[in-house]
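Asker: Task: produce atomic coordinates for the following.
(one chain, ligands or ions: 1)
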Amino acid sequence: MRNRDYPGTCCDRCFKKSMAYIMSMYNTQWICMDCKDKEQKREDYQQAVDRDVAEYMQRVEAARGR
Ligand SMILES: [Zn+2]
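Answerer: Coordinates of the predicted model:
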């Protein structure tokens, strides 16, 4: 398994170098802002965000021991 804590030296999706990277809402790729813009324009982007938030809340609840 690759280390996903720190982004690589280029975008995982378009392989261009960028000043900043952000993790994709669809998977664990680190992507540049251009790719992030494109992702945000997808019709199912809000669903991906909702799913991500739901998973995060489940982890928080589990960490609390509930
Ligand atoms: Zn990119």
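Asker: And what about residue 14, helix, strand or coil?
Answerer: Classification of residue 14 by DSSP: H, G, I helix; E, B strand; the rest coil places it in coil.
Asker: ok, and what's touching stretch 19-30?
Answerer: 4, 7-8, 11-13, 31-33, 35-36, 39, 45, 48-49, 52 (CB atoms under 8 Å, 6 or more residues apart in numbering). In this view, the C-beta of every residue, glycine as well, is placed from N, C-alpha and C.
Asker: Let's see that with 10 Å instead.
Answerer: For stretch 19-30, the external contacting residues (CB atoms under 10 Å, 6 or more residues apart in numbering) are 2, 4, 6-13, 18, 31-33, 35-36, 39-40, 42, 44-53.
Asker: Of those residues, which fall within the contact range of the ion?
Answerer: 11, 13, 32, 35 (CB under 5 Å from the ion).
Asker: Save those as a markdown table, and put in pLDDT too.
Answerer: What follows is the ones next to the ion among the contacts of stretch 19-30, written out as a markdown table (pLDDT from 0 to 100):
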| residue | pLDDT |
| --- | --- |
| 11 | 94 |
| 13 | 95 |
| 32 | 95 |
| 35 | 97 |
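Asker: still on that earlier bit, what subset of the contacts of stretch 19-30 is buried?
Answerer: 7, 11, 12, 13, 18, 31, 32, 35, 36, 39, 48 (16 or more other CB atoms under 10 Å).
Asker: Need the max-distance pair from those.
Answerer: Based on CB to CB, the longest span within the buried ones among the contacts of stretch 19-30 runs between 18 and 48 and measures 20.9 Å.
Asker: Please put the alpha-carbon coordinates of the helix or strand encompassing residue 56 into PDB.
Answerer: In this assignment (DSSP states H and E), residue 56 forms part of helix 45-63. Extracted C-alpha coordinates of helix 45-63, given in PDB (Å, rounded to 0.1, in the frame of the first residue of the first chain):
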ATOM      1  CA  TYR A  45     -19.900  15.700  -7.000                       C
ATOM      2  CA  GLN A  46     -22.300  16.600  -4.200                       C
ATOM      3  CA  GLN A  47     -23.100  12.900  -3.800                       C
ATOM      4  CA  ALA A  48     -19.400  12.200  -3.400                       C
ATOM      5  CA  VAL A  49     -19.100  14.900  -0.800                       C
ATOM      6  CA  ASP A  50     -22.100  13.600   1.100                       C
ATOM      7  CA  ARG A  51     -20.700  10.100   1.100                       C
ATOM      8  CA  ASP A  52     -17.300  11.400   2.300                       C
ATOM      9  CA  VAL A  53     -18.900  13.300   5.200                       C
ATOM     10  CA  ALA A  54     -21.100  10.300   6.100                       C
ATOM     11  CA  GLU A  55     -18.000   8.100   6.200                       C
ATOM     12  CA  TYR A  56     -16.100  10.600   8.300                       C
ATOM     13  CA  MET A  57     -19.000  10.900  10.800                       C
ATOM     14  CA  GLN A  58     -19.100   7.100  11.100                       C
ATOM     15  CA  ARG A  59     -15.400   7.100  12.000                       C
ATOM     16  CA  VAL A  60     -16.000   9.900  14.600                       C
ATOM     17  CA  GLU A  61     -18.800   8.000  16.100                       C
ATOM     18  CA  ALA A  62     -16.800   4.800  16.200                       C
ATOM     19  CA  ALA A  63     -13.900   6.600  17.900                       C
END
